[in-house]
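**Q** how would this look folded up:
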Amino acid sequence: MRWLKFTKYLRDFGWEPVIYTPLNPEPQEIDESLLSDIPSNLEVVKRKIIEPYGIYKLLTGKKKNERLGVALMEEKKKKGITGKISLWIRSNLFIPDPRMLWIRPSVKFLSDYIKNHPVDAVITTGPPHSMHLIGLGLKRKSGIKWIADFRDPWTNIDFYAELSLMWFADGLHRKLEKKVLVNADHIITVSPGMTDEFRSLGAPRVITITNGFDEQDMNIGDTFTGEKFAIIHLGSLPGTRNPENLWKILAHMTRTIPAFSSDLVIRLIGQVDRSVIESLSANGLLPYTIRESYVAHNRTPEILRKSAVLLLCINNTPNAKGILTNKFFEYLASKRPIVAIGPEDGDAAYILRDTMAGEIFDYSESLKLQNHLLKLFELYSQNKLQISTTGIEKYSRRNLTKQLSALLNTL
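**A** Residues are numbered from 1 along each chain as shown. This is a model prediction of the structure:
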């Protein structure tokens, strides 16, 4: 989504994007509603990629046409020893990730391509971090200006410690990460916290360009059209984001407030970890819960318009302070009240307070969270559940592309 939107607006600032992408990738989802964002006459170069997911599916019992999740960590729990073995192979033999087999062919192909089709700069975006190694190879062969964009950390990502890495694999990850950080002409991250992390790892030139929202997608104002007190969560909800205190509070409110019990809806859209479902079940909330595995992006405005409260769960992990997801900024644009669960001194907390878009509560917090939910439900009951945000315009995709273009101009 991030680079689809950058591509959409780069021409407004004098830059012509050329996209290099796999011809036959293993996608997480396919959303054809996004095709309308692709600029006309865009040059897209596609090359075949070899990915070992066929073998992985065979080992883990998945069907050939079955989509893989955002992360494969759950396979370790689901498939016993087979899952553990497949995870070990994936983690220790495919470094930095299963797209590694695309690195050398891409460097060779693109080195020839840019000789015949000169470009001013190359930008790689990861994960998968194999893409950054393509950029590193091009930098070494041609000396071209190169920007590496990190949408997530590399060795500091929340599940890194669970990858069953041997010492040699861990060492190689850190060595490759360091090479990218010090050789790129510039590093871009999506949050100030991640910027600080990479600087501490030795990156000399790092800036933050956050994710954002597209005004053409999200111009929905603050009109609430829902008929229920719907608490909506968009996106994946792994075990590290399971807001157990929230479920306990909601369960208590359903037992003690009849009107709340009549109006509550919990809508989860995206992949949901088993631990979340188990928590909902243990608290008697499954009858209030609606689940959808995925919805097309063009349906997002309608969904947000029907939300009384938007739930944002930030990973309950050591690196959580620097996490800023795509959906967070679409939440901002919807002008619906946001209830966030996560670090109260993190990057998301700062933006929430700066824009007056919602409140954030630590994972261990109960009383303040319950009082806030009671307040929101009271406003909902009075048909007064509206908020007035401030300063969210700087997070529009067009303004963020302007920042990217300014960086390209310096190169």
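
**Q** show me where pLDDT drops low in this structure?
**A** 54-80, 83, 219-225 (pLDDT under 70).

**Q** quick one, strands of it?
**A** 18-22, 43-47, 122-126, 146-150, 186-189, 206-208, 229-234, 264-269, 289-292, 309-313, 338-341, 358-361 (DSSP state E).

**Q** the nearest residue to Met253 once chain neighbours are set aside: how many residues sit nearby?
**A** Nearest residue to Met253, sequence neighbours excluded (C-beta to C-beta, 6 or more residues apart in numbering): Phe260, at 4.8 Å. Backbone N, C-alpha and C define where each C-beta goes, glycine included. Other residues lying near Phe260 total 19 when counted by other C-beta atoms under 10 Å.

**Q** ok, Asp214 next?
**A** 21.

**Q** the residue nearest to it when sequence neighbours are not counted: what's it in contact with?
**A** Distances taken as C-beta to C-beta, 6+ apart place Arg397 nearest to Asp214, at 4.5 Å, with adjacent residues excluded. Residues counted as contacts of Arg397 (C-beta atoms under 8 Å, 6 or more residues apart in numbering) are 5-6, 8-9, 212-215.

**Q** what comes up buried for stretch 129-142?
**A** 129-139 (16 or more other C-beta atoms under 10 Å).

**Q** confirm for me that Ser396 is in contact with Thr210.
**A** No - judged on C-beta atoms under 8 Å, Ser396 makes no contact with Thr210 at a distance of 10.9 Å.

**Q** which one of the contacts of Arg397 is nearest to Asn245?
**A** Distance to Asn245, by C-beta to C-beta, is smallest for Phe213 among the contacts of Arg397, at 28.5 Å.

**Q** if the closest one is in a bridge, with which residues?
**A** Phe213 has these beta-bridge partners by DSSP bridges: Ser396.

**Q** gap between it and Gln382?
**A** 29 Å (C-beta to C-beta, to the nearest Å).

**Q** one more: Glu365?
**A** 25 Å.

**Q** looking at these two, which has the bigger crowd around it?
**A** Remark: of Glu365 and Gln382, Glu365 carries more neighbours, 16 against 8, as counted by other C-beta under 10 Å.

**Q** contact partners for the residue lying closest to the more buried one once chain neighbours are set aside?
**A** Nearest non-adjacent residue to Glu365, counting by C-beta to C-beta, 6+ apart: Asn245, 6.7 Å away. Residues near Asn245 by C-beta under 8 Å, 6+ apart: 341, 363-366, 369.

**Q** can you check Arg47 too?
**A** 20, 22-23, 102, 105-106, 109.

**Q** cool, Ser293 as well?
**A** 270-271.

**Q** quick check: angle from the lengthiest helix in the chain to strand 146-150?
**A** In the chain, taking DSSP state H as the definition, the longest helix is helix 167-183. Note on geometry: by axes from the mean of the first three to the mean of the last three C-alpha atoms, to 10 degrees, helix 167-183 and strand 146-150 are set 130 degrees apart in direction.

**Q** tell me which residues are up against helix 167-183.
**A** Outside helix 167-183, the residues touching it (C-beta under 8 Å, 6+ apart) are 91-92, 95-96, 129, 132-133, 135-136, 139-140, 146, 148, 154-155, 165, 187, 198, 201-204.
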